[in-house]
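> Fold the following.
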Amino acid sequence: MVNNPFILYGYESEKYFCGRKEETRQLLQLLENGNNVSLIAPRRIGKTGLIENLFHLSQVKKDYYTFLIDIYATKNIEEMIAAMGSSMLSSLRQVATDNILRANEFNYQSMLFQLPPKQKELLIALSKAGKAEAITSTEFIRRWHLSSASSVQSAIKGLLDKNFVTMNLGVYEVYDRFLALWLVRKMR
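Okay, the predicted model is just below:
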């Protein structure tokens, strides 16, 4: 079997993007000068790859919010607007979430540092689980590598008292969803 060194679909990285440095430079210059640009060429010639290469440049990532929206399959203006809105909201939601996590990182680190080890372990487990029932069960304890049912009982009491965790109808979850997301990302 022969391994094809060429990427035929999608964008991998600048490393695999060949021979379009001048076009990328021109697009960057036009973008930085606030110009509108239309790329018109036959299908499968590399327009999307060129745009994705531009969007992955560090100076573009730093200074602009970028959206890649495929409107080829839209049938009318309403579908086109819906596709554009969905793509923009998805990208901006991620940017906003990242900003919130970055702004609160010191607070989260401080809170985590102050928790006893068993409470910290349980808080991380609940963050990864999302919502959890039967947290003293053997299955939950094994899945999240906790020490024992009695340590989980003790830890959950402390986390509930400190309002790190809520419990409603036997379902436990981390109260601050951004804290939970931050913990999941940090513990990968």
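
> what about this structure, any weak spots by pLDDT?
Along the chain, the model assigns pLDDT under 70 to residues 1-18.

> mind redoing it with 80?
Of all residues in the chain, those with pLDDT under 80 make up the ranges 1-20, 44-45, 70, 188.

> Identify, by residue count, the longest helix of it.
Ranked by residue count, the top helix of the chain under DSSP state H comes out as helix 77-114.

> Tell me the buried residues in the next helix or strand after that helix?
Read in the C-terminal direction, the helix or strand following helix 77-114 is helix 117-129, with elements assigned using DSSP states H and E. Residues of helix 117-129 classed as buried by neighbour count (16 or more other CB atoms under 10 Å): 118-129. Heads up, the C-betas are built off the backbone N, CA and C, glycines and all.

> quick revisit: list the helices and strands the longest helix of the chain packs on?
helix 177-186 (3 or more CB pairs under 8 Å, 6 or more residues apart in numbering; DSSP states H and E).

> by contact count, what packs against the helix it packs on?
Judged by 3+ CB pairs under 8 Å, 6+ apart, helix 177-186 is in contact with helix 77-114, helix 117-129, strand 171-174.
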